[in-house]
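A.B. asks: sequence first, then the predicted structure:
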Amino acid sequence: MTIKSNRKTPSNQAPNYNWSKYIGLGTQLMVGLLLTLYMGKKMDTYFDKHALFAWMTPSLFILVVLISVVRDTQNKK
């Protein structure tokens, strides 16, 4: 069974890829969090701390990313 859409789209119109920037941002967040967590665990073993850097480095990464997103989305005057 085929469902037909009533919307007409021109065949020469390029598809809308707005979702791709959000996938890229999500991938960057996941990779960044995994890397900072790994570095934090390595720093904990090197400095003989108990999960201090494993909590601090991903938290700082999230803070920096949030500040960056807010600055990028503000209206430019």
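C.D. replies: Sure, I can see it. Not measured: the values here are computed from a predicted model.
A.B. asks: helices or strands up against the helix ranked longest in the chain?
C.D. replies: Looking across the chain with DSSP state H, the single longest helix is helix 19-47. The contact analysis (3 or more Cβ pairs under 8 Å, 6 or more residues apart in numbering; DSSP states H and E) places helix 19-47 against helix 52-73. The way it works is simple: take the backbone N, C-alpha and C, and place the C-beta from them, glycine included.
A.B. asks: show me what counts as buried in the helix it packs on.
C.D. replies: 53, 54, 57, 58, 61 (16 or more other Cβ atoms under 10 Å).
A.B. asks: turn those residues into JSON lines, including distance to residue 32.
C.D. replies: Formatted as JSON lines, those follow (distance: Cβ to Cβ, whole Å):
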{"residue": "53", "distance to residue 32": "15"}
{"residue": "54", "distance to residue 32": "15"}
{"residue": "57", "distance to residue 32": "10"}
{"residue": "58", "distance to residue 32": "8"}
{"residue": "61", "distance to residue 32": "5"}
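A.B. asks: gap between residue 52 and residue 13?
C.D. replies: 54 Å (Cβ to Cβ, to the nearest Å).
A.B. asks: which residues touch residue 60?
C.D. replies: Residue 60 makes contacts with residue 36, as judged by Cβ atoms under 8 Å, 6 or more residues apart in numbering.
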